[in-house]
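Peer 1: build me a model:
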Amino acid sequence: MKAWGPGYAVAMKRAAAVLMTLLTGCNVPFTPAGPGGCSTDFVPAVEVEIVDAETGSPAAEGVDGRVFDGAYSDSLTPKRSAVGGLLSLAGAGERPGLYFIRLRKPGYRDWVMSRVQVGKDECHVITRTVVARLERAP
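Peer 2: This next block holds a predicted model:
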């Protein structure tokens, strides 16, 4: 039986270092897998990044947002914050569909978007992220 030489240990250490870099260097959070290998995350169908059209600053704070798909309706809830305030709202968790989005905020014009198609893969919906640039009311 042939014994492994000193070069083998060095090669294995390098391989382990590369593997650890690949596993920990990704910007993807670890999520425990549920049955069938899917994560247990509750994924929103729609995420709306909301900014002031004039300044480009986050403007989701104080927005009343809803999504509609036929008779189905869901309110949008806070999703992501950014420097300067709340950036996005999300809703319709784990529900594929064809959505109409409506945003209302005092001091701004209502914002709407229709025909936002959301599909799914074997585990979750595939979140559609849209950007709403709110215009100040006259």
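Peer 1: low-confidence ranges, the protein, go.
Peer 2: For the chain, the stretches flagged by pLDDT under 70 are 1-36.
Peer 1: partners of Arg102 in the sheet?
Peer 2: Arg66, Val112 (DSSP bridges).
Peer 1: show me what contacts the nearest residue to Ile101 once chain neighbours are set aside?
Peer 2: Counting by C-beta to C-beta, 6 or more residues apart in numbering, the nearest residue to Ile101 once its immediate chain neighbours are dropped is Met113, at 4.7 Å. C-betas here are computed from N, CA, C, even on glycine. Neighbouring residues of Met113 by C-beta atoms under 8 Å, 6 or more residues apart in numbering: 100-101, 130, 132.
Peer 1: export those residues to TSV and tack on neighbour count?
Peer 2: Shown next, in TSV, are those (neighbours: other C-beta atoms under 10 Å):
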residue	neighbour count
Phe100	16
Ile101	23
Val130	14
Ala132	22
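Peer 1: in a markdown table: these, plus distance to Arg80.
Peer 2: As requested, those are exported to a markdown table (distance: C-beta to C-beta, whole Å):
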| residue | distance to Arg80 |
| --- | --- |
| Phe100 | 22 |
| Ile101 | 16 |
| Val130 | 14 |
| Ala132 | 14 |
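Peer 1: can I get those in JSON lines including distance to Val67 and secondary structure?
Peer 2: Below are the contacts of Met113 laid out as JSON lines (distance: C-beta to C-beta, whole Å; DSSP: H, G, I helix; E, B strand; the rest coil):
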{"residue": "Phe100", "distance to Val67": "7", "secondary structure": "strand"}
{"residue": "Ile101", "distance to Val67": "5", "secondary structure": "strand"}
{"residue": "Val130", "distance to Val67": "11", "secondary structure": "strand"}
{"residue": "Ala132", "distance to Val67": "12", "secondary structure": "strand"}
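Peer 1: ok, which pair from those is furthest apart?
Peer 2: Pairwise distances across these (C-beta to C-beta) peak at 13.1 Å, for the pair Phe100 and Ala132.
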